[in-house]
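Asks: How does the following fold in three dimensions:
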Amino acid sequence: MSQIITVKVKLLPTKEQATILQEMSREYIFTINILVSEMVKEKKSTKKSSKDISTNLPSAVKNQAIKDAKSVFKKAKKNKFSVVPVLKKPVCIWNNQNYSFDFLHISLPIMINGKAKKTPIRALLIDKENRNFGLLKHKLGTLRITQKSGKWIAQISVTIPTVEGTGLKVMGVDLGLKVPAVAVTDDERVLFFGNGRQNKYMKRKFRSERKALGKKKKLHAIRNSKDKEQRWMKDQDHKISRAIVNFAKDNKISVIRLEQLANIRQTARTSRKNEKNLHTWSFYRLSQFIEYKANLAGIKVEYVKPAYTSQMCPRCSAKNKAQDRKYTCECGFQKHRDVVGAMNIRYAPVVDGKSQSA
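Replies: Take a look at the predicted model:
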């Protein structure tokens, strides 16, 4: 078994290399859009090869552009051409046979004086703790290079072998705002993860900072502040997901169950105070981090239907609404309401109907 994840690597190109990458990225998107428009007009997929495309790109990149254009056309055709996507963000993609990575440089063909030449571009792993170092030792897939806020980023798809887990121990995890995550094992071991108050304080701090910068019309500083906030939020999700999976490993858990997050913004407990936090926090990203880290550890992740998980009494199945953070049932059962949610998630119906028996 295996799974594919994306690892980000910061690039430090020279000025000349940066100019070439900018030109290639624009040319790549332009080529895809032209090919898509041609296919839509003819209502059939193109049979062109790299030799048929006159553009200042290496042959390998042209072939990748054709492949991506066909993918865009396929989606448009599926929607009966009601919507034909037009790509705008400059990007360039190489397949795994046309670049190499030695942890210091990414060597790839770029256009120099009209000819494709394999050129090393200095690379720097973004993660301060180098947790991506081990991931990049596995099988590398496509390389996607893009520029964000003036910085060049290489996104490398990596195929990682996973371990098939055995056993029947189940753990439920409830995600939220005031308490980012609560986990309950099937033998009632409970652990809280993250600091919701700190998270909300940091988000208020970033918003206040941007408000002050907006009055001074410092647009570049505002973009930097947004990027900094996103990096901080992502780092929190990495730390929480790693702690959850470590807790599962320590308790020999074989299945982690999470709520299906499709409608969490409509169903999550909210108020006027935390509405802004609810609509900017990435619950989906945290669940994805938990899933890929769990799979690497041989732990299966299942998604359950979220209906009444925070209202149903785990002891007698009666439905009650929690008062503030405390859940109380007439049968005498009392717990923190997020713990109740995690307890019920353990045994809630699995979304696809396929689950390991608990």
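Asks: what's whichever helix in the chain runs longest packed up against?
Replies: If you go by DSSP state H, the chain has its longest helix at helix 219-250. Here helix 219-250 touches strand 170-175, strand 181-185, strand 190-193, helix 196-215, strand 255-259, helix 283-296, going by 3 or more C-beta pairs under 8 Å, 6 or more residues apart in numbering; DSSP states H and E. For every residue, glycine as well, the C-beta is placed using N, CA and C.
Asks: Now do the helix or strand containing V9 against helix 283-296, angle only.
Replies: Element membership for V9 (DSSP states H and E) is strand 2-11. Angular relation of strand 2-11 and helix 283-296 on a 0 to 180 degree scale: 120 degrees, by axes from the mean of the first three to the mean of the last three C-alpha atoms, to 10 degrees.
Asks: what packs against strand 2-11?
Replies: strand 115-125, helix 131-135, strand 151-161, helix 283-296.
Asks: ok so, going back, compare the helices and strands packed on helix 219-250 and give me the one nearest V36.
Replies: Closest to V36 of the helices and strands packed on helix 219-250, according to C-beta to C-beta: helix 283-296, at 28.1 Å.
Asks: okay, the closest one in PDB with CA atoms only?
Replies: Taking Å, rounded to 0.1, in the frame of the first residue of the first chain, the C-alpha atoms of helix 283-296 are listed here in PDB:
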ATOM      1  CA  PHE A 283     -10.500  21.900   9.500                       C
ATOM      2  CA  TYR A 284     -10.000  20.000   6.300                       C
ATOM      3  CA  ARG A 285      -6.300  20.500   6.300                       C
ATOM      4  CA  LEU A 286      -6.000  19.200   9.900                       C
ATOM      5  CA  SER A 287      -8.000  16.100   9.100                       C
ATOM      6  CA  GLN A 288      -5.800  15.500   6.000                       C
ATOM      7  CA  PHE A 289      -2.600  15.800   8.100                       C
ATOM      8  CA  ILE A 290      -4.100  13.300  10.700                       C
ATOM      9  CA  GLU A 291      -4.900  10.900   7.800                       C
ATOM     10  CA  TYR A 292      -1.600  10.900   6.100                       C
ATOM     11  CA  LYS A 293       0.400  10.700   9.300                       C
ATOM     12  CA  ALA A 294      -1.800   7.900  10.600                       C
ATOM     13  CA  ASN A 295      -1.500   6.000   7.300                       C
ATOM     14  CA  LEU A 296       2.300   6.200   7.500                       C
END
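Asks: Which residue is the nearest non-sequential neighbour of L11?
Replies: W152 (3.9 Å; C-beta to C-beta, 6 or more residues apart in numbering).
Asks: got it, and Q334?
Replies: Once flanking residues are discounted, Q334 sits nearest to T328: 5.1 Å by C-beta to C-beta, 6+ apart.
Asks: correct me, but S50 touches K67?
Replies: No - counting by C-beta atoms under 8 Å, S50 does not reach K67; the two are 10.8 Å apart.
Asks: Those two: which is more packed in?
Replies: Comparing S50 with K67 by other C-beta atoms under 10 Å, the one with more neighbours is S50, at 16 against 13.
Asks: quick one: contacts for the residue nearest the centre of the chain?
Replies: For the chain, R285 is the residue whose C-alpha lies nearest the centre (C-alpha atoms, centre = their mean; 4.7 Å). Applying C-beta atoms under 8 Å, 6 or more residues apart in numbering, we find R285 in contact with 234, 237.
Asks: same deal with E38?
Replies: Contacts for E38 (C-beta under 8 Å, 6+ apart) come out as T46.
Asks: What's the separation between it and K80?
Replies: Noted for E38: a distance of 18 Å to K80, by C-beta to C-beta, to the nearest Å.
Asks: what do you get for G150?
Replies: 40 Å.
Asks: Who has more neighbours out of the two?
Replies: Between G150 and K80, G150 has the larger neighbour count (other C-beta under 10 Å), namely 10 against 7.
Asks: so how far is E188 from the more buried one?
Replies: According to C-beta to C-beta, G150 and E188 sit 51 Å apart.
Asks: on that earlier part again, do you know how far the residue nearest to the centre of the chain is from N199?
Replies: Counting by C-beta to C-beta, the gap from R285 to N199 is 14 Å.
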